[in-house]
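Student: here is a sequence together with a model predicted from it:
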Number of protein chains: 2
Amino acid sequence: MKIDFDGIQAFVAIAELGGFSKASEHLHVTQTALTRRLQKLEAYLDLRLLDRTTRYVELTAVGREFLPQAKSIVGEVTRAVGTLKDMSSRGRGNFTIACIPTMASQALPAAIRRYALAYPGNRIRIIDASGFEVRDAVLHGQAEIGIGLPTDRHQELEETQLLEDPYMFFCREEHPLSNRDHVVWSDLHEAELIAISTMSANRLALDAQLEKHGINLSGRYEVRHLSTAIGLVAAGVGAAILPSSTLEVGARPGLRRIPLKGPTIKRKIVVIRRRNTTLSPAADAFVRLLLRRNDEQ
Amino acid sequence: MKIDFDGIQAFVAIAELGGFSKASEHLHVTQTALTRRLQKLEAYLDLRLLDRTTRYVELTAVGREFLPQAKSIVGEVTRAVGTLKDMSSRGRGNFTIACIPTMASQALPAAIRRYALAYPGNRIRIIDASGFEVRDAVLHGQAEIGIGLPTDRHQELEETQLLEDPYMFFCREEHPLSNRDHVVWSDLHEAELIAISTMSANRLALDAQLEKHGINLSGRYEVRHLSTAIGLVAAGVGAAILPSSTLEVGARPGLRRIPLKGPTIKRKIVVIRRRNTTLSPAADAFVRLLLRRNDEQ
DNA sequence: TTTGTTTATGCAAGGATAGCAATAATTACG
DNA sequence: CGTAATTATTGCTATCCTTGCATAAACAAA
């Protein structure tokens, strides 16, 4: 026979409120229904839980023993179901997002700020990691969604373009090109460039595109993180070609960010998620917020 | 809407066994039913708990979060219901009995020994207390059943006679009457008798019956407990009139227990329980065992 | 493409549940 | 002592739910 949650719920309500009628109001059913539910439960257990006349309701010895368990069961179920309904109806809930460092320090905080207004109380765990790690975090389920670079079009991953991030030329204001409103690739001297390590997903993406245009550049210095490259530029070691989002305009005095044309090369930033999986409402709302903003721009 | 325990149970089974078909075997329903249950739950929550194709079943982020709670719910409910069914079907369970001291040291242990054979594992808590306290313990629900003396026929109490306990004459073997096969009331000299305090339910019961027969006895010494009286008798302080069950024949060397006739006066021992209440199956079985034994004798 | 496996669905039947109205049981009050 | 008031129970019916069968659809592997 099927286990009868209604019966347990009825038992708790009747026992706690001390009567069928009061309990029936509380549960929004008729008192007839409660009588039946309790009878059914007692019949199933072959046990009397409540001794009752028309004047009073009283726990039996067994009922007294069962009541705390029953209360805990009813409480646990209603709490759990309530939480879930909250998730779906109001987008409540917590989720994890993986994100590459540049986005994590620029676009993501802004998005989170807007998200927090619409969904206060939701917690977001951020895994800030390299492009490869972002991909893996999503693939292995450590993060529901990722913000990163386009990957190898893995069978199980689905990528949606979030924005395009043009590569720009970064240098100190003392640099000969620092006053140009734009530079072209042929202006650049390989010798003074700080490059990103080929270990990086960024570098791979850049190289692939440069190759299409017959451009070939490799810097004198090689670092692994964009932030390190910026540091070297700031210290006057050299200049660098980095995604524009690496540093907002004017974020660091003495540094210049100059558009790079002929051709303009961009890296795509994508939202990554597992294919054929359902996002939690909280994460789903976040993704929609991210992408909607993107459309508007 | 009503909370759907079946759905939760289905969710757990499908998630844990990794498929609808396996889960359906486990729950002894068709796979169709499981599909429907899960669909209903998901529809109610407006939330997807399992991402599934015909080839695999996989938890969604929300499902992963919910699964432990769901498991705990299902476990708690099945455990609780199982315990209750055990109570009814096999008389499993623990209960409390209140009992007057003489019965607690004589008849009760024997009954418990027999009970333990039929219902191994059941724990019995014994409140050994005076007749008044036994009555109150039952009345106030501290004990489900009581073994004691007939009381004031309280509205809420129900008494069933368990046995009759004749008063007998207790003395040391040096006593002049010690070799008689019985004594009569007129043989007794008040001066050497040890009496029970009028605080005792025992004494009240005895006095009431003596009065009917025009016998009037009050001892020189007065004690509160039968066991104390026995002690005084054994020490040679005097003799006493006590219920036969106070001491089994030959239980203490040097002491004699002699039937007391003309008339024979007995105290009744009753099983006390609250009227209109249902005993736990464990306690009920014990009562029936007690009374059945009584009928057989 | 075919095949085998697994979940989903249309449909009909059976079962369970709720509500109404009336009844029975019990207490309180006149 | 009888009557009213309150409360749980029950008969009955309509409705809703659930199940199971048969079948379809989806998917992966050969």
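Tutor: Received the coordinates, thanks.
Student: A:Val271 in helix, strand or coil?
Tutor: Assigned with DSSP: H, G, I helix; E, B strand; the rest coil, A:Val271 falls in the strand class.
Student: isn't it up against A:Leu162?
Tutor: Yes. Shown here, A:Val271 and A:Leu162 form a contact pair, counting by Cβ atoms under 8 Å, at 5.1 Å. Every residue, glycine included, has its C-beta placed from N, CA and C.
Student: between the two, what contacts are shared?
Tutor: A:Ile147, A:Leu290, A:Leu291 (Cβ atoms under 8 Å, 6 or more residues apart in numbering or on different chains).
Student: which elements pack onto the top helix by length along chain A?
Tutor: Of all segments of type helix in chain A, defined using DSSP state H, the longest is helix A:61-90. The elements that helix A:61-90 packs onto, with contact taken as 3 or more Cβ pairs under 8 Å, 6 or more residues apart in numbering or on different chains; DSSP states H and E, are helix A:5-17, helix A:281-296, helix B:31-45, helix B:61-90.
Student: does the first one come close to DNA strand C?
Tutor: This means helix A:5-17. Yes. Helix A:5-17 comes into contact with DNA strand C (Cβ under 7 Å from any atom of the strand), by way of A:Asp6.
Student: just to revisit the earlier point, are any of the shared contacts of A:Val271 and A:Leu162 buried, and which?
Tutor: Among these, those buried by neighbour count (16 or more other Cβ atoms under 10 Å in any protein chain shown) are A:Ile147, A:Leu290.
Student: would TSV of the shared contacts of A:Val271 and A:Leu162 with distance to DNA strand C and pLDDT be doable?
Tutor: What follows is the shared contacts of A:Val271 and A:Leu162, written out as TSV (distance: Cβ to the nearest atom of the strand, whole Å; pLDDT from 0 to 100):
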residue	distance to DNA strand C	pLDDT
A:Ile147	30	95
A:Leu290	29	93
A:Leu291	27	91
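Student: which one of the shared contacts of A:Val271 and A:Leu162 sits closest to DNA strand D?
Tutor: Among these, A:Leu291 lies closest to DNA strand D (Cβ to the nearest atom of the strand), at 23.7 Å.
Student: quick one: contacts of stretch A:178-191?
Tutor: Contact with stretch A:178-191 is made by A:169, A:171-172, A:177, A:213, A:215, A:217-220, A:239, A:241, A:256, A:258-263, as judged by Cβ under 8 Å, 6+ apart.
Student: buried ones in stretch A:124-132, by neighbour count?
Tutor: If you call a residue buried by 16+ other Cβ under 10 Å, then stretch A:124-132 has these buried ones: A:Ile124, A:Ile127, A:Asp128, A:Ala129, A:Ser130, A:Gly131, A:Phe132.
Student: which ones among these lie within helices?
Tutor: Within the buried residues of stretch A:124-132, residues falling in helices by DSSP H are A:Gly131, A:Phe132.
Student: mind putting the buried residues of stretch A:124-132 into TSV with distance to chain B?
Tutor: Output for the buried residues of stretch A:124-132, formatted as TSV (distance: Cβ to the nearest Cβ, whole Å):
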residue	distance to chain B
A:Ile124	13
A:Ile127	15
A:Asp128	20
A:Ala129	19
A:Ser130	23
A:Gly131	22
A:Phe132	22
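Student: so how do I select the buried members of the contacts of stretch A:178-191 in PyMOL?
Tutor: Those of these that meet the burial criterion (16+ other Cβ under 10 Å) are gathered into one PyMOL selection, given here:
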select buried, chain A and resi 169+171+172+215+219+239+241+256+258+260
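Student: also near chain B: which of the contacts of stretch A:178-191, exactly?
Tutor: Near chain B, taking Cβ under 8 Å from any Cβ of the partner chain as the test, no member of the contacts of stretch A:178-191 is found.
Student: on that earlier part again, next SSE after the longest helix of chain A?
Tutor: Note on helix A:61-90: by DSSP states H and E, the next helix or strand toward the C-terminus is strand A:95-99.
Student: tell me what the most centrally placed residue in chain A is bridged to.
Tutor: Centroid-nearest residue in chain A, with Cα atoms, centre = their mean: A:Ile97, separated by 3.6 Å. On DSSP bridges, the residues paired with A:Ile97 through beta bridges are A:Ile126, A:Ile145.
Student: ok, it - contacts?
Tutor: A:Leu108, A:Ile124, A:Arg125, A:Ile126, A:Ile127, A:Ala143, A:Glu144, A:Ile145, A:Gly146, A:Ile147, A:Ala283, A:Phe286.
Student: switch the residues you listed over to CSV; also include distance to DNA strand D.
Tutor: Shown next, in CSV, are the contacts of A:Ile97 (distance: Cβ to the nearest atom of the strand, whole Å):
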residue, distance to DNA strand D
A:Leu108, 32
A:Ile124, 30
A:Arg125, 29
A:Ile126, 31
A:Ile127, 27
A:Ala143, 22
A:Glu144, 20
A:Ile145, 21
A:Gly146, 22
A:Ile147, 26
A:Ala283, 22
A:Phe286, 25
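Student: reformat those as a markdown table; add distance to B:Glu58.
Tutor: A markdown table is the format used below for the contacts of A:Ile97 (distance: Cβ to Cβ, whole Å):
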| residue | distance to B:Glu58 |
| --- | --- |
| A:Leu108 | 27 |
| A:Ile124 | 23 |
| A:Arg125 | 21 |
| A:Ile126 | 24 |
| A:Ile127 | 21 |
| A:Ala143 | 16 |
| A:Glu144 | 13 |
| A:Ile145 | 17 |
| A:Gly146 | 18 |
| A:Ile147 | 23 |
| A:Ala283 | 16 |
| A:Phe286 | 21 |
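Student: so how far is A:Thr277 from A:Lys40?
Tutor: 40 Å (Cβ to Cβ, to the nearest Å).
Student: just A:Gly238 next, same as before
Tutor: 44 Å.
Student: which of these two has more neighbours?
Tutor: Per other Cβ atoms under 10 Å in any protein chain shown, whichever of A:Gly238 and A:Thr277 has more neighbours is A:Gly238, with 21 against 17.
Student: my guess is the more buried one contacts A:Arg220. True?
Tutor: Yes. Between A:Gly238 and A:Arg220 there is a contact under Cβ under 8 Å: 6.8 Å.
Student: overlap in contacts of those two?
Tutor: Joint contacts of A:Gly238 and A:Arg220 (Cβ under 8 Å, 6+ apart) are A:Glu192, A:Leu193, A:Ile194.
Student: the second one: how many residues sit nearby?
Tutor: A total of 20 residues lie near A:Leu193 under the criterion other Cβ under 10 Å.
Student: contacting residues for the nearest residue to A:Arg274 once chain neighbours are set aside?
Tutor: The shortest distance from A:Arg274 to any non-neighbouring residue, by Cβ to Cβ, 6 or more residues apart in numbering or on different chains, is to A:Glu156 (5.6 Å). Contact analysis of A:Glu156 by Cβ under 8 Å, 6+ apart lists A:Leu139, A:Arg274, A:Arg275, A:Asn276.
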